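S.K.: Predicted model and sequence follow; I will ask about them next.
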Amino acid sequence: MMISSQQVSCPRLGFIGPVSGGGKQTIPTPGEFLAERFHEEGCSVVAESAYRGKAARLLDVCNILIRHNRNIDILVLSVYLGQGFFLEDLASLVAGWLRIPVVMVLHNGLTPAFVSLFPEWTSRFFRRARVLVAPSAFLPRSLRPFGMTVRVIPNPIDIGLYPFRLRKQASPRLLWMRSFYPYYNPQMAVRALTHLKEKHDDLSLVMAGKDKGLQLVVSQLAAELGVEAQVAFCGFLQGNEKLDRFDQADIFINTNNVDNAPVSIVEAWAMGTPVVSTNVGGIADLVQDGETGLLVPDDDDRAMAESIERLLKSPDLVRKLSAQGYEQAKKCSWQAVLPQWKNLFEEIGGRR
């Protein structure tokens, strides 16, 4: 995909990373968000197309870097490691041959573990970056022992799309939103309900997200634990339907086993929905316990239920988390994040 625009003061940017494809069950990736917003700012942008197969993506990446290399001053490479690391490695290698400065944006909360498993390979890879960027302080701190310096620039959102509503008190209407995948531990959300069911007749939990193989397991668990009447599965949410679900909920729960800086928490803040989350990975670098959310130990459903109960009994705490979460969301707005990217690009200065 080639997006072109002209603005002398803006560097010509290339973006490589996973692409959602714009389908009905997709949301823009952080890399896509940046590419679209910089295009709107007047930059010349070359971005990866929505090819699904590995071979097609490989050809597309080579096409971007070789065919369009004279149209790129700086390459922004989204780094998720895992199965996509071979392509990310190749893209950084080709960019190096072509003398294109590379900004690597690190997204995976398991990056430190991956670096520990493959120290030589990842060391060669990361040395090709002019600058490393991560959305929270978690990865900079975790990668410092490996001799890596990482700059923090938050994952941005278009905050104007999220209507804010200050919560003054909370009812037991809960929202969980992530893919049904082991890392996101959806079973914990269901188990937490068992500690709340007897106290609250109006208890409800909406679980939203793509089924990555666990939704049936979670549904069966809800039936086994006797909370199937309290749980609603609404599939993947986007647009107004997602905004409606956030507005209807009074508490957003995040149960991940592994995470870096989930945009879903920032979205909850932008809507004024208080957050209760597991304290894993970079969550504590994003959420300040007792100030912008409540944190509980990993996989501790009883502690999560107790934190939910705490909110239900404390309107003052609800109001505080709602208001201060929104202030935190504003720090992740595109208006706040754009200058940080512009400063970074100015420091790099493009190709030499």
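M.R.: Yep, it's here.

S.K.: tell me the contacts of Ser142?
M.R.: Thr111, Pro112 (C-beta atoms under 8 Å, 6 or more residues apart in numbering). For the C-beta atoms, the positions are set from N, CA and C on the backbone; glycine is no exception.

S.K.: Take whichever strand or helix holds it, keep the C-alpha atoms, and write them as PDB.
M.R.: Taking DSSP states H and E as the criterion, Ser142 maps to helix 138-143. Listed in PDB are the C-alpha atoms of helix 138-143, where the atom choice follows Å, rounded to 0.1, in the frame of the first residue of the first chain:
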ATOM      1  CA  PHE A 138       8.200  -1.800  31.500                       C
ATOM      2  CA  LEU A 139      10.300  -2.900  28.500                       C
ATOM      3  CA  PRO A 140      12.900  -0.100  28.900                       C
ATOM      4  CA  ARG A 141      13.500  -1.300  32.500                       C
ATOM      5  CA  SER A 142      13.400  -5.000  31.600                       C
ATOM      6  CA  LEU A 143      15.800  -4.700  28.700                       C
END
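
S.K.: Relative to the whole chain's centre, how far out is it?
M.R.: A distance of 16 Å separates the centroid of the chain from that of helix 138-143, by C-alpha atoms, centre = their mean, to the nearest Å.

S.K.: same check, this time on stretch 69-79
M.R.: 22 Å.

S.K.: ok, Leu344 touching Leu132?
M.R.: No - contact criterion C-beta atoms under 8 Å: Leu344 and Leu132 do not qualify, at 10.9 Å.

S.K.: next structured bit after the strand or helix carrying Asp60?
M.R.: Secondary-structure element containing Asp60, defined by DSSP H and E: helix 54-62. Along the chain past helix 54-62, the next helix or strand (assigned with DSSP H and E) turns out to be strand 74-79.

S.K.: Quick check: which helices or strands does the helix holding Asp60 pack against?
M.R.: helix 85-97 (3 or more C-beta pairs under 8 Å, 6 or more residues apart in numbering; DSSP states H and E).

S.K.: Using PDB, write down the CA coordinates of the helix holding Asp60.
M.R.: Taking Å, rounded to 0.1, in the frame of the first residue of the first chain, the C-alpha atoms of helix 54-62 are listed here in PDB:
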ATOM      1  CA  LYS A  54       3.900 -15.300   5.000                       C
ATOM      2  CA  ALA A  55       5.100 -15.400   1.400                       C
ATOM      3  CA  ALA A  56       2.900 -12.600   0.400                       C
ATOM      4  CA  ARG A  57       4.000 -10.500   3.300                       C
ATOM      5  CA  LEU A  58       7.600 -11.200   2.600                       C
ATOM      6  CA  LEU A  59       7.200 -10.000  -1.000                       C
ATOM      7  CA  ASP A  60       5.300  -6.900   0.100                       C
ATOM      8  CA  VAL A  61       8.000  -6.000   2.600                       C
ATOM      9  CA  CYS A  62      10.700  -6.400   0.000                       C
END
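
S.K.: circling back: tell me the buried residues in the helix holding Ser142?
M.R.: Phe138, Leu139, Pro140, Ser142, Leu143 (16 or more other C-beta atoms under 10 Å).

S.K.: Report the buried residues of the helix holding Asp60.
M.R.: Applying a neighbour-count criterion of 16+ other C-beta under 10 Å, one finds Arg57, Asp60, Val61 buried in helix 54-62.

S.K.: Show the backbone phi and psi for the nearest residue to Ala137 once chain neighbours are set aside.
M.R.: Taking C-beta to C-beta, 6 or more residues apart in numbering as the measure, Ala137 lies nearest to Asp285, with 4.3 Å between them; neighbours along the chain are not counted. Comment: the main-chain dihedrals of Asp285 come out as phi -80, psi -20, following degrees, to the nearest 10.

S.K.: re earlier: strands paired with the helix or strand just after the helix holding Ser142, and their directions?
M.R.: Where DSSP H and E defines the elements, the next helix or strand beyond helix 138-143 is strand 150-152. Sheet partners assigned to strand 150-152 using DSSP bridges are listed as strand 131-134 (parallel).
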